[in-house]
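Enquirer: Predicted model and sequence follow; I will ask about them next.
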Amino acid sequence: MTEPQEPGDPVEPSVVELVSRLSEQISQLVREELRLALSELKQKGKQAGTGAGLVGAGVTIAVLGLSALVVAVTSALARVLPLWAAALSSASPCSRSVGY
């Protein structure tokens, strides 16, 4: 059956103790993993916010650049056409490209 224990031998934990430790360790592991996941999500959220801000700034600059281009084309056409015709002919392709 079981061997008699010597005074210097370490005592093996019982099944109840092992199950208790397992339960504690699993709950601790789950809590730590949830904390880690939360911190990773916060970091990714900050990065996504920064990226969205940069995209918004890029779109704003692109719209301003397109507006400057339309003004330049209108000014160039105004040398050979009346101003109203130059404005109409330079704005017309822009309005068609956005679907109006």
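Expert: Thanks, I have it.

Enquirer: Next up, identify which helix or strand the spatially most central residue of the chain is on.
Expert: Nearest residue to the geometric centre of the chain (CA atoms, centre = their mean): residue 48, 2.7 Å. Using DSSP states H and E, residue 48 falls within helix 15-77.

Enquirer: What helices and strands are in contact with that helix?
Expert: helix 83-97 (3 or more CB pairs under 8 Å, 6 or more residues apart in numbering; DSSP states H and E). The way it works is simple: take the backbone N, C-alpha and C, and place the C-beta from them, glycine included.

Enquirer: Other residues contacting the helix it packs on?
Expert: Helix 83-97 is contacted from outside by 66, 70, 73, 74, 75, 76, 77, 78, 81, using CB atoms under 8 Å, 6 or more residues apart in numbering.

Enquirer: could you check the angle helix 15-77 makes with that helix?
Expert: Orientation of helix 83-97 against helix 15-77 (axes from the mean of the first three to the mean of the last three CA atoms, to 10 degrees) gives an angle of 150 degrees.

Enquirer: ok, back up a step: out of the contacts of helix 83-97, which comes closest to residue 11?
Expert: Among these, residue 66 lies closest to residue 11 (CB to CB), at 80.3 Å.

Enquirer: All set now, cheers.
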